[in-house]
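S.K.: quick check, what structure comes out for this input:
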Amino acid sequence: MAQSPEPDTTPHASRVPVWTPADWPCADAAAARRIAFVPMAEADLDAVHAVEKLAYTHPWTRKHLADSLTSGYPAVMLLGETLPGEAASPGRTDGRVLLGYLVAMPGVDEVHLLNITVAPAHQRQGWARFMLDALVLWSRGQGAQWLWLEVRQGNVPARALYESYGFVQVGLRRGYYPAGSFQREDAVVMSLSLAARGHGGEAP
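M.R.: All right, here's what the predicted structure looks like:
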């Protein structure tokens, strides 16, 4: 799944909305397994960072994740019950599986998606779109008009997902991401109008 830039830890104006766990949409009870969104906490960082390192060649550091929590950014995990033949995620005492997580940064009338990740063992099962659905609902609840993100130009699967969801490319940031061997990769800037688009990128 696509990964966005490191979180901006610059203090924001007091008019920026503050999120609470109660604001977050509940998971669909009709899903194949019981699932729920749970706020990411300090105690979860080791497990989340372990998934981050498995998912990306240039992962966020544990400090980047911790800084997001310190800044009060919406950072949530998608947890699921274990299925037959499946083991609970390391470090979890509740027996659940970490399916994925996301980190966002709210603004006055917009939300910037910083990181959305599906655990490698659970990719291509629809969880990325599920988390996008939840983020759209939450963002609308905060009064946001736009959802923004950056994605590596070479991440074709992620770009295809975002485009199918309704995101539109609005810019390009040259050399935005590290790419190894002193190379840099461009970032495609994409946006989704929450006022003009319905749930899942469909017209309202």
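S.K.: packing partners for the biggest strand by length in the chain?
M.R.: Criterion DSSP state E: the longest strand present in the chain is strand 168-180. Using 3 or more CB pairs under 8 Å, 6 or more residues apart in numbering; DSSP states H and E, the elements in contact with strand 168-180 are strand 146-152, strand 183-193. Using the backbone N, CA and C atoms, a C-beta is placed for each residue, glycine as well.
S.K.: does anything pack onto the helix or strand just after the first one? Which helices or strands?
M.R.: The one in question is strand 146-152. Downstream of strand 146-152, the next assigned helix or strand under DSSP states H and E is helix 156-165. Here helix 156-165 touches helix 127-141, strand 146-152, strand 183-193, going by 3+ CB pairs under 8 Å, 6+ apart.
S.K.: closest to residue 38 out of the ones you listed?
M.R.: Between residue 38 and the helices and strands packed on helix 156-165, the tightest spacing by CB to CB is seen for helix 127-141, at 12.0 Å.
S.K.: quick one: distance of that closest one to the chain centre.
M.R.: Using CA atoms, centre = their mean, to the nearest Å, the mean C-alpha position of helix 127-141 is found 9 Å from that of the whole chain.
S.K.: which outside residues touch the worst-scoring helix or strand of the chain on mean pLDDT?
M.R.: The weakest-scoring helix or strand in the chain, judged by mean pLDDT, DSSP states H and E, is strand 168-180 (a mean of 84). Contact partners of strand 168-180, identified using CB atoms under 8 Å, 6 or more residues apart in numbering, comprise 5, 57-58, 150, 152-153, 184-192.
S.K.: show me how to select, in PyMOL, the buried members of those residues.
M.R.: Here is the PyMOL selection string for the buried members of the contacts of strand 168-180, based on 16 or more other CB atoms under 10 Å:
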select buried, resi 5+150+152+153+185+186+187+188+189+190+191+192
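S.K.: now, which of the contacts of strand 168-180 sits nearest residue 42?
M.R.: residue 5 (22.2 Å).
S.K.: how about the contacts made by the nearest residue to residue 69 once chain neighbours are set aside?
M.R.: Excluding its sequence neighbours, the residue lying closest to residue 69 (CB to CB, 6 or more residues apart in numbering) is residue 75, at 5.9 Å. By CB under 8 Å, 6+ apart, the contact list for residue 75 reads 39, 40, 65, 68, 69, 101, 102, 103, 104.
S.K.: beta partners for residue 75?
M.R.: In this entry, residue 75 is beta-bridged to residue 103, by DSSP bridges.
S.K.: if we can go back for a sec, out of the helices and strands packed on strand 168-180, which comes closest to residue 112?
M.R.: Proximity to residue 112 (CB to CB) singles out strand 146-152 among these, at 4.7 Å.
S.K.: helices or strands up against the closest one?
M.R.: Against strand 146-152 (3+ CB pairs under 8 Å, 6+ apart) you get strand 110-118, helix 127-141, helix 156-165, strand 168-180, strand 183-193.
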